[in-house]
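*Asks:* Could you work out the structure for the sequence below:
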Amino acid sequence: MNFKNAIKEYYERERKVIENLNYDEINDAMNAIYETYQNGGNIYICGNGGSASTASHFQNDFNKGISEYVENKFRFICLNDNVATLMAIANDIGYEEVFRFQLRNKITKNDLFVGISGSGNSKNVLNAAEYAKEQGAKIIGITGYTGGKLKEMANYRMHADIMDMQIAEDVHMTFDHMMMKIFYNLLVVGEISGDNLNDKHC
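*Replies:* Numbers count the residues shown, from 1 in each chain. The predicted structure is shown next:
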């Protein structure tokens, strides 16, 4: 089978999404993360399915990938990483509460909530975002498709504008790696650009 045309088409569509990203909104979201980090706040992050994997990857890249080299550590907390906790909440209370329950009496106005949802309409992510906002925390919405309700309610937006879950999730991972590299350069190298993040830091 010759898949070359289909391969090219996929990456051409992804390239167009990246070209059309809103850099102003992404910059605002990065500043929210940086300010929370500087102030010692927690950054709660979550998602479902592939977005759960992305949330876990964020935690790894910030809590280890960058924090290994700095005195002041990032405090990312991935709400979908403890399977036993998720299953207990889902079984006893309901799947729509798996993230909000974990935030109750924990998240404060000094913290940040990052919700990842390809559609922007994942009920459990929205419930957690609503609760976080009620407590005075700011919200970053990482979305695809049209952005859904999460994009509307978020204070800061990192949006992949495409009706394709796979490409949206690809772009969401580039947000993680892009920010990891820039924050590493800023906090460890002392600059915000340059090719200074090599394989041993990944």
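*Asks:* Name the residues of the longest helix seen in the chain that are buried.
*Replies:* Longest helix in the chain by number of residues (criterion: DSSP state H): helix 165-184. Applying a neighbour-count criterion of 16 or more other C-beta atoms under 10 Å, the buried positions in helix 165-184 are 165, 167-172, 175-176, 179-184. (Each C-beta comes from the backbone N, C-alpha and C, glycine too.)
*Asks:* ok, and what's touching stretch 10-27?
*Replies:* Contact with stretch 10-27 is made by 156-162, 164, 167-168, 170-171, 174-175, as judged by C-beta atoms under 8 Å, 6 or more residues apart in numbering.
*Asks:* low-confidence ranges in this protein?
*Replies:* By pLDDT under 70, the low-scoring segments of the chain are 194-202.
*Asks:* show me where it has helices.
*Replies:* Applying DSSP H to the chain gives helices spanning 4-19, 23-38, 50-60, 83-92, 100-103, 123-134, 148-153, 165-184.
*Asks:* tally of neighbours for the closest residue in space to Gly115 that isn't next to it in sequence?
*Replies:* Spatial nearest neighbour of Gly115, excluding adjacent residues (C-beta to C-beta, 6 or more residues apart in numbering): Val125 at 4.3 Å. A total of 33 residues lie near Val125 under the criterion other C-beta atoms under 10 Å.
*Asks:* isn't Val125 right next to Gly118, touching?
*Replies:* No. Using C-beta atoms under 8 Å, Val125 makes no contact with Gly118, being 10.4 Å away.
*Asks:* for the residue nearest to Gly115, what are its contacts?
*Replies:* Val125 touches 46-48, 99, 115-117, 150, counting by C-beta under 8 Å, 6+ apart.
*Asks:* Buried by neighbour count, from these: which ones?
*Replies:* With burial judged by 16+ other C-beta under 10 Å, the buried subset of those is 46-48, 99, 115-117, 150.
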